[in-house]
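J.: Here is a sequence together with a model predicted from it:
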Amino acid sequence: MSIHMQKQMDKVKRMIFTLAGEVEHSLERAVQAVENRDIELAKAVLKDDDKIDLAEIEIEEECLHALALEHPLAMDLRFVVTVLKMNNDLERIGDMAGNIADQAIALSDGPRIELDQFLPGMAAEVLNMLRSALDALLQLDVEQADRVRQADDRVDDIHKRCFTLVEEAIRADPDNCSRYIHVLTISRNLERAADLATNIAEDVIYLVRGEIQRHKSDLVTPQ
C-alpha cells in the first residue's frame, strides 16, 4: 500500500469512528431525555442531527474519492465498501435517536404510565449492541460481531411484548391512547436501531471474512 493510500485509509477510519461516537452519544441522550422527561436534552439531540447528517456526507465523499483516485484492492477495497455501508446505518441510527427525542418531548407534559417500565431495559440492550458492534469493528472481532446478531432477537422479543401490552392498554384506557402510542413509537425506534447495529456487526464479518451476511438464517460460527 502506498503512503498516500495509508493516509487516506487512516483518515476514513478516524472519520467513521468519530461519527460512531456522536451517534452513540445521541442515542444515549435521547433515551435519557425519555427517562427523565428532559425537554432541553431532547432538543439538543434534535439539534445535533444536522451535524450527524453532515458528517455522513463528508465520509461518503471521502470514500468515493478513495475509490476513484486510489483504486484500493482486496482488504482495502472491502474496508471502503464497509465504511460506506456503516456510514449510512449510523446516520439512520441518528435519525432513530431524533425520533425518540421527539417522543420524549411529547411525553414530557403528562404523568408516567406503567408501560414506561419496558423502555430502560430495552434501551440498555440496544445501546450495548451498538457499543459492541463498534468495538467489534475496532478490534475486527468476528465473535463479538456474532454476539451482537444474537442480541437482536432479545430486542425483537421485548418490542413484540410492548406491542401486545400497548394494544391491551389502549382497550382498557382509551383516554391515554396517545401516550401509549408514543411509548410504542419509542420501542419501534429502539428495535430499528438494534437492526442497524446488527447490520454494522454483519459488516464487520464481511470486512474480516469477505462473506456477505444478509438474508442468512444461520449465525456465523467463528473458525
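T.: Right, received. Where do you want to start? A quick note: this is a predicted structure, and the numbers were derived from the prediction, not measured.
J.: Okay, and the nearest residue to residue 178 once chain neighbours are set aside sits in which element?
T.: Excluding its sequence neighbours, the residue lying closest to residue 178 (C-beta to C-beta, 6 or more residues apart in numbering) is residue 106, at 7.9 Å. Placement of C-beta: from N, CA and C, glycine included. Taking DSSP states H and E as the criterion, the element that holds residue 106 is helix 74-107.
J.: list the buried ones in the helix or strand that that helix is followed by?
T.: Counting by DSSP H and E, the element after helix 74-107 in chain order, helix or strand, is helix 118-139. The neighbour-count check on helix 118-139 (16 or more other C-beta atoms under 10 Å) flags 118-119, 122-123, 125-127, 129-130, 132-134, 136-137 as buried.
J.: Helix 118-139 to helix 74-107, inter-axis angle?
T.: Going by axes from the mean of the first three to the mean of the last three C-alpha atoms, to 10 degrees, helix 118-139 is angled at 160 degrees with respect to helix 74-107.
J.: buried set for the helix or strand containing residue 187?
T.: Element membership for residue 187 (DSSP H and E) is helix 177-209. Buried positions in helix 177-209, judged by neighbour count with 16+ other C-beta under 10 Å: 179-180, 182-208.
J.: what's the answer for stretch 4-20, then?
T.: 5, 8-9, 12, 15-16, 19-20.
J.: Using PDB, write out every CA atom in it.
T.: Extracted in PDB, the C-alpha atoms of stretch 4-20 (Å, rounded to 0.1, in the frame of the first residue of the first chain):
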ATOM      1  CA  HIS A   4      -0.800   8.200   0.400                       C
ATOM      2  CA  MET A   5      -3.300   5.300   0.400                       C
ATOM      3  CA  GLN A   6      -2.400   4.500   4.000                       C
ATOM      4  CA  LYS A   7      -3.100   8.100   5.000                       C
ATOM      5  CA  GLN A   8      -6.400   8.000   3.100                       C
ATOM      6  CA  MET A   9      -7.500   4.900   4.900                       C
ATOM      7  CA  ASP A  10      -6.400   6.300   8.300                       C
ATOM      8  CA  LYS A  11      -8.500   9.400   7.600                       C
ATOM      9  CA  VAL A  12     -11.600   7.500   6.700                       C
ATOM     10  CA  LYS A  13     -11.100   5.300   9.800                       C
ATOM     11  CA  ARG A  14     -10.900   8.300  12.100                       C
ATOM     12  CA  MET A  15     -14.000   9.900  10.500                       C
ATOM     13  CA  ILE A  16     -16.200   6.800  10.800                       C
ATOM     14  CA  PHE A  17     -15.200   6.300  14.500                       C
ATOM     15  CA  THR A  18     -15.900   9.900  15.200                       C
ATOM     16  CA  LEU A  19     -19.300   9.700  13.600                       C
ATOM     17  CA  ALA A  20     -20.000   6.400  15.500                       C
END
